[in-house]
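> sequence and predicted model, in that order:
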Amino acid sequence: MSSTSEQSKTYDLFIVGGGINGCGIARDAAGRGLSVALAEMNDLASATSSASTKLFHGGLRYLEYFEINLVRHALTEREVLLKAMPHISWPMRFVLPYHKDMRFEGSTPTSRILNTVMPWMKGRRPAWLIRFGLMLYDTLGGRKILPATKTLQLKGSAEGAPIDDRFEKAFEYSDCWIEDSRLVVLNARDAQARGAEIMVRTKVASAARVDDLWEITLHDTLTGEVKTVRSRMLVNAGGPWVGDIIQQKVRINSTEGVRLVRGSHIVTRKLYDHDKCYFFQGTDGRIIFAIPYETDFTLIGTTDAEHSDPSVKPECTDEERDYLLNFINQYLKDDISADDVVWSYSGVRPLYDDGASSATAATRDYTLKVDNTGGAPILNVFGGKITTYRKLAEDAMDKIVPFFPGTSSHWTAGVALPGGDFAVDGFDALVDRLGDAYPFLTDVWARRLVRAYGTDAWAVMGDAKEQGDLGQAFGATLTEREVIWLCDNEYARTAEDIIWRRNKLGLRLAKQDVTALEDFLRTAFAARKTKAAE
């Protein structure tokens, strides 16, 4: 039975949405001294922010759309972010096999220009254009850590081993990997450490302007509690639900719109032995990535398909799966099939509706709009990409601080996220230190812990002297102590939160292991509820 508590608190900033944009803004704002609360109706990163291609990248293909500013910001951010989170982000090399029959996506500005001045190319991408694009990619962001582009001869090389022999040459360039859902959680943790209140499983039922404040009604979906809080400003970082929040929750007039684009990925058995990624160009002008994933798998994606309703859970359709399989089979020596797919996932990108003719052509840049025509201000966040989340948060704060005179300025560049306070090249040394501190850890186990938690791995392991001290074992190196730490420190509530967003052990756990984890969590939370009631 639900209950209603009295109005008890007024915040400076109330943020709706616990994806990367919402958590990034919460961290930045809290670090500037504002009182901040954030509500997420499900788990942190439960929608778009856990369904990316897991890359910090400049967006090489966006150069063909002349989105130079977007690419520059993203390229600059790669190295800023690497330094702040070397546990969950690391450099990767990308191999772009070249063939003279490669084609543009037909609607790009670059393709239209070349089709006019070089009609004999018939929509093909010339090698010189790719080299020019990669030269820009190397220089636009002021690259210092990441190595430059080079040309590869594929014959006889490890990079050429899985690729069809008709591809003789490739270009190799740099981008970065990112554990996307962990990035969200770490931003939320840091925001909370700086004073923000993070509320998961808390739905915003409504928000209305009352006496120059926002009055926000919240519904805790776990306990049923209903409460009302107030805030001087509202931030709508609802991702796919940003339009729904504008129209149904806060009920303001806005001409801004969002375009929902579904991106689906498949995960297969490991397709090759080296640690580089592939950037494949299709006959339809689109591109996909094939990326080493969780040691024993390969991640392939993504698609671009219109998605009309945010309330409909995005899923990788059979057609999308087959599209990705057919796409990559144009490059592989040995075809793969649906039988090789071990998992798939899909997310909805809430792109700013710029009127583009196709989902692929829609801008990936973000748009921030403030509305204060009816009293208390609201900032609506449209679009964005994971690589530029920190810059988006800074730009959002530039629009927020005029309402809070005296607020301090930019501070997040180079400031480590929780667990990231070690050198960019210090991962292996940290693994060795953890292994020395806890000799019962295998190398695979120690590496997983450092990749997830960085220097916080010691906090997770605590005073354990032997494996038995870690409590119940759930399989794949997941133990009771880690589960409790995730519930206490990283907002985890369910088995899905833990094995698909705090890590990807769902790829390795058997059904009975997951059932055991669910039973443990159910018992643990019931015991906590009973204790709290006493």
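Yes, it's here.
> mind listing the strands for the stretch 351-500 of the chain?
Secondary structure of the stretch 351-500 of the chain (DSSP state E, counting those that start in this stretch): strands located at 366-371, 378-383, 473-475, 478-479.
> need the winner for burial among the ones you listed.
strand 378-383 (a mean of 25; mean count of other Cβ atoms under 10 Å). Using the backbone N, CA and C atoms, a C-beta is placed for each residue, glycine as well.
> what is it packed up against?
Secondary-structure packing of strand 378-383 (3 or more Cβ pairs under 8 Å, 6 or more residues apart in numbering; DSSP states H and E): helix 20-31, strand 226-236, helix 242-244, strand 341-352, strand 366-371, helix 389-400.
> Phe427 is nearest to which of the ones you listed?
Of all the helices and strands packed on strand 378-383, it is helix 389-400 that lies closest to Phe427, at 21.3 Å by Cβ to Cβ.
> what comes up buried for that closest one?
389-397, 400 (16 or more other Cβ atoms under 10 Å).
> do I have it right that Asp365 meets Tyr352?
Yes - using Cβ atoms under 8 Å, Asp365 makes contact with Tyr352 at a distance of 7.2 Å.
> now do the strands in the stretch 151-300 of the chain.
Counting by DSSP E, counting those that start in this stretch, the strands of the stretch 151-300 of the chain are 169-178, 197-199, 202-210, 213-220, 226-236, 258-269, 277-281, 287-293, 297-301.
> who does the fifth one touch, helix- and strand-wise?
Where contact means 3+ Cβ pairs under 8 Å, 6+ apart, strand 226-236 is packed against strand 4-5, strand 10-16, strand 202-210, strand 213-220, strand 378-383, helix 389-400.
> ok, residues contacting the fifth one?
If I follow you right, that is strand 378-383. 17, 21-22, 25, 214, 233-237, 242, 246, 250, 252, 254, 256, 258, 349-353, 363-372, 392, 396, 399-400 (Cβ atoms under 8 Å, 6 or more residues apart in numbering).
> try 6 Å this time
With Cβ atoms under 6 Å, 6 or more residues apart in numbering as the test, strand 378-383 has contacts from 21, 234-237, 258, 351-352, 366-371, 399.
> identify the residues contacting Tyr345.
So Tyr345 contacts 51, 265 (Cβ under 6 Å, 6+ apart).
> just use 4 as the starting number from now, easier for me
Fine by me, first position is 4 from now on; the one you just mentioned is Tyr348.
> check what pLDDT it gets.
On pLDDT, Tyr348 comes in at 97.
> the one 10 residues further on too?
On the pLDDT scale, Gly358 is placed at 56.
> nearest residue to the middle of the protein?
Nearest to the mean C-alpha position of the chain, counting by Cα atoms, centre = their mean, stands Asp183 at 3.3 Å.
> of all the helices and strands packed on strand 381-386, which lies closest to Phe283?
strand 344-355 (17.0 Å).
> got the angle for the closest one vs strand 261-272?
Put simply, strand 344-355 runs at 160 degrees to strand 261-272, going by axes from the mean of the first three to the mean of the last three Cα atoms, to 10 degrees.
> next, the buried residues of strand 344-355.
344, 346-355.
> and the closest residue to Val39 other than its chain neighbours, how many residues sit next to it?
In this structure, Val39 finds its nearest non-sequential neighbour in Ala199, 4.0 Å apart by Cβ to Cβ, 6 or more residues apart in numbering. Per other Cβ atoms under 10 Å, the neighbour tally for Ala199 reads 25.
> just Leu508 next, same as before
With other Cβ under 10 Å as criterion, Leu508 counts 20.
> measure Val213 to Gly377 for me?
To Gly377, Val213 is 11 Å away according to Cβ to Cβ, to the nearest Å.
> would you map the helices across the chain?
For the chain, the helices defined by DSSP state H cover 23-34, 71-87, 112-120, 130-142, 183-196, 245-247, 321-332, 392-403, 430-440, 446-456, 460-464, 483-492, 498-499, 514-536.
> elements contacting the fourth one?
Judged by 3 or more Cβ pairs under 6 Å, 6 or more residues apart in numbering; DSSP states H and E, helix 130-142 is in contact with no other helix or strand.
> hmm, who's touching stretch 438-446?
449, 464, 469-470.
> per-residue confidence at the closest residue to Asp247 other than its chain neighbours?
Distances taken as Cβ to Cβ, 6+ apart put Pro313 closest to Asp247, at 6.3 Å, once the chain neighbours are dropped. At Pro313, the model reports a pLDDT of 87.
> cool, Arg128 as well?
The model's pLDDT for Arg128 equals 67.
> next one: the one 3 residues further on
Note on Trp131: pLDDT of 72.
> tell me, how many residues neighbour it?
Neighbour tally, Trp131, other Cβ under 10 Å: 8.
> before we move on, back to that, of all the strands of the stretch 154-303 of the chain, which lies closest to Ile501?
Proximity to Ile501 (Cβ to Cβ) singles out strand 200-202 among the strands of the stretch 154-303 of the chain, at 17.2 Å.
> so what strands line up beside that closest one?
strand 39-42 (parallel) (DSSP bridges).
> which residues touch the partner strand?
By Cβ under 6 Å, 6+ apart, strand 39-42 touches 14, 16-19, 25, 29, 32-33, 199-202, 205, 207, 221.
> swap the cut-off to 8 Å and go again
With Cβ under 8 Å, 6+ apart, strand 39-42 has contacts from 12, 14-21, 25-26, 29, 32-33, 191, 194, 198-202, 205-207, 219, 221, 232, 234.
> gap between it and the chain center?
Offset of strand 39-42 from its chain centre (Cα atoms, centre = their mean, to the nearest Å): 20 Å.
> same check on stretch 390-407?
18 Å.
> circling back: can you put the strands of the stretch 154-303 of the chain in CSV and add mean neighbour count?
Shown next, in CSV, are the strands of the stretch 154-303 of the chain (neighbours: other Cβ atoms under 10 Å):
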stretch, mean neighbour count
strand 172-181, 21
strand 200-202, 20
strand 205-213, 18
strand 216-223, 19
strand 229-239, 22
strand 261-272, 23
strand 280-284, 23
strand 290-296, 21
strand 300-304, 23
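> which residues of the stretch 304-453 of the chain score low on pLDDT?
For the stretch 304-453 of the chain, applying pLDDT under 70 flags the ranges 357-367.
> how about 50 then?
360, 364 (pLDDT under 50).
> one step back: just the buried ones from the contacts of stretch 438-446, in PyMOL syntax?
Filtering the contacts of stretch 438-446 down to the buried ones (16+ other Cβ under 10 Å) takes a single PyMOL command:
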select buried, resi 449+464
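> thinking again about what came up before, can I get the helices and strands packed on strand 229-239 in TSV with distance to Gly422?
Output for these, formatted as TSV (distance: least, Cβ to Cβ, whole Å):
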stretch	distance to Gly422
strand 7-8	35
strand 13-19	23
strand 205-213	26
strand 216-223	29
strand 381-386	27
helix 392-403	17
